[in-house]
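K.L.:
what's the 3D shape of this:
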Amino acid sequence: METSGGCSKGSKNDPIDDNENRIGALLPGLPDDIAQRCLTCLPPSLIFSVCHPWRRLLYSPSFPPFFSLYALFYPQQNPTVRNLVQVVPQNSIQFLSFDPISSSWTPLPSPPQNPPLHLLHRHPSFLSRNLPIQSLTVSNHLVIIAATTHNLFPALSSPLVFHPESSTWFYGPQISSPRRWCATGSAHGVVYMASGVGSHYKGDVARSLEQWDLHKKRENWGWENKARLKDGRFSREAVEAVGYRGKLCMVNVKGKALKEGAVYDVGLDKWEPMPPGMVAGWNGPAAAMDEDVIYVIDEVKGSLSRYDGERDCWVEVVELEQLKRAEQIAAGRGKICAVSANGERIIVVDVRETPARSWEVAPPRGLEVVAVHVLPRMISRRS
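P.N.:
Purely as a prediction, here's the structure:
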């Protein structure tokens, strides 16, 4: 994901100016295919700001896509509205993508409505608690894997998947036991779902681990049972299972509460205890950069730390007031993107710089952030 919106000469709300009809060579004296190869070496923000032919190239299907921010949103509600009990809460989750080059939010195409989609984030009968909508990224896909309906049933019987480079939604394979409050994560292009509860608690579901390999052909898609958890303690919260160096790492409760950690070795199909230093410093939302470095935010201190596996300890990267009350984070392209302040803020931290540089991406007016992810930009259907 690029660092900022850059220096656009056109409208920030429309990265491609359809009224601009000037036609000219990308680079005078060179065929366009050779010119395009040269321009791919430049920062996208520079290409965007120079001229309209270059900008059209940047957003064309033939140009390598830059990375963008994808977010799940829920409409903001004032306290008066929150206290009004509705008979049947409606699905209000919205999916948008933030283009860091033009600094603009764009809605994703509408998800399929057969079966009807009901993802509930806030239930009128539970004013103080949000209901989780569990999403993850795997192999440049956005996967919505678990959520809750208004009657507190699992909302998805199959994962809902969005592919940015084709701008299409589709469903994954049928889940044998649809659930919520589970642990979800990915490693090496494989989706994992562990524990959780369905419409009622079941011990075998709470101890289960299943995987879905997106690398397989669609006709061979399915969920495969893997080594079971020793107990059902990971069905208490919606948990991120963080892919890290061939393993999945997760803790069973959020924040600074006393917790239990578990590590699943993907290659050996085996569960093992989490190193004591790792679990001791896991005090907030976590994510891994390229499945190689785990970052965690202490939601009380507002400190961002990375895990040192050799010394089994957490090393602080930066402490920011804006990171306090962080609820969810995503890692990608050298940046940590955090949702904080009850979904009112998206804070981006560039951990490649020393000291780490940070800035804020403003959500669209009237919407609060549920989760963020880093994925390639959408390919416009009109491109």
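
K.L.:
which residue ranges form the helices in the stretch 251-383 of the chain?
P.N.:
For the stretch 251-383 of the chain, helices defined by DSSP state H, counting those that start in this stretch occupy the ranges 276-280.

K.L.:
Can you list the low-confidence ranges for it?
P.N.:
Applying pLDDT under 70 to the stretch 251-383 of the chain flags the ranges 380-383.

K.L.:
Surely residue 274 and residue 247 touch.
P.N.:
No. Under the criterion of CB atoms under 8 Å, residue 274 is not in contact with residue 247, lying 9.8 Å apart. Every C-beta, even on glycine, is put in place using the N, C-alpha and C of the backbone.

K.L.:
residues bridging contact with the two, i.e. touching both?
P.N.:
residue 263 (CB atoms under 8 Å, 6 or more residues apart in numbering).

K.L.:
what's around the closest residue to residue 238 other than its chain neighbours, how many residues?
P.N.:
Nearest residue to residue 238 in three dimensions, chain neighbours excluded: residue 132, at 3.4 Å (CB to CB, 6 or more residues apart in numbering). Neighbours of residue 132 under the rule other CB atoms under 10 Å: 20.

K.L.:
Now residue 132: phi and psi?
P.N.:
phi -70, psi 140 (degrees, to the nearest 10).

K.L.:
With residue 120 instead?
P.N.:
Here residue 120 shows phi and psi, under degrees, to the nearest 10, equal to phi -110, psi 130.

K.L.:
Quick check, it in contact with residue 150.
P.N.:
Yes. With contact taken as CB under 8 Å, residue 120 and residue 150 are classed as touching, separated by 5.4 Å.

K.L.:
neighbour-wise, which of those two wins?
P.N.:
Using other CB under 10 Å as the criterion, residue 120 and residue 150 rank with residue 120 on top: 22 against 18.

K.L.:
Return the set of buried residues in stretch 199-215.
P.N.:
202, 205-214 (16 or more other CB atoms under 10 Å).

K.L.:
follow-up on the earlier one: measure the residue nearest to residue 238 to residue 282 for me?
P.N.:
According to CB to CB, to the nearest Å, residue 132 stands 18 Å off from residue 282.

K.L.:
and residue 45, that one's in a helix?
P.N.:
Yes. Remark: residue 45 belongs to a helix, assigned using DSSP: H, G, I helix; E, B strand; the rest coil.

K.L.:
In terms of helices and strands, where is residue 33?
P.N.:
Using DSSP states H and E, residue 33 sits in helix 32-39.

K.L.:
Restricting to C-alpha, output that helix in CSV.
P.N.:
C-alpha atoms of helix 32-39 as CSV (Å, rounded to 0.1, in the frame of the first residue of the first chain):
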residue,chain,number,x,y,z
ASP,A,32,3.8,2.4,-25.5
ASP,A,33,4.6,-1.2,-24.5
ILE,A,34,8.3,-0.2,-23.9
ALA,A,35,7.2,3.0,-22.2
GLN,A,36,5.0,1.0,-19.9
ARG,A,37,7.8,-1.2,-18.8
CYS,A,38,9.8,1.9,-17.9
LEU,A,39,6.9,3.5,-16.0
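
K.L.:
i'd like the first residue to be 868 from this point on
P.N.:
In the new numbering, first residue 868, that becomes helix 899-906.

K.L.:
helices or strands up against it?
P.N.:
Judged by 3 or more CB pairs under 8 Å, 6 or more residues apart in numbering; DSSP states H and E, helix 899-906 is in contact with helix 919-925.

K.L.:
Identify, from the buried residues of stretch 1066-1082, the entry nearest to residue 895.
P.N.:
residue 1081 (43.9 Å; CB to CB).

K.L.:
which ones are touching the residue nearest to residue 1105?
P.N.:
Applying CB under 8 Å, 6+ apart, the residues contacting residue 999 are 1013-1015, 1047-1048, 1104-1105.

K.L.:
will you turn those residues into a markdown table that also has distance to residue 1243 and pLDDT?
P.N.:
Formatted as a markdown table, the contacts of residue 999 follow (distance: CB to CB, whole Å; pLDDT from 0 to 100):
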| residue | distance to residue 1243 | pLDDT |
| --- | --- | --- |
| 1013 | 24 | 96 |
| 1014 | 24 | 94 |
| 1015 | 29 | 91 |
| 1047 | 29 | 92 |
| 1048 | 30 | 92 |
| 1104 | 30 | 89 |
| 1105 | 26 | 92 |
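
K.L.:
ok so, going back, can you tell me which of the buried residues of stretch 1066-1082 end up in strands?
P.N.:
Under the assignment DSSP state E, the buried residues of stretch 1066-1082 contribute 1076-1080 to strands.

K.L.:
could you dump those to a markdown table with pLDDT and distance to residue 1058?
P.N.:
Shown next, in a markdown table, are those (pLDDT from 0 to 100; distance: CB to CB, whole Å):
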| residue | pLDDT | distance to residue 1058 |
| --- | --- | --- |
| 1076 | 98 | 12 |
| 1077 | 98 | 9 |
| 1078 | 98 | 7 |
| 1079 | 98 | 5 |
| 1080 | 97 | 8 |
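
K.L.:
separation between the residue nearest to residue 1160 when sequence neighbours are not counted and residue 899?
P.N.:
In space, not counting the residues next to it along the chain, residue 1160 is nearest to residue 1173; the distance is 5.4 Å by CB to CB, 6+ apart. As for residue 1173, its distance to residue 899 is 43 Å (criterion: CB to CB).
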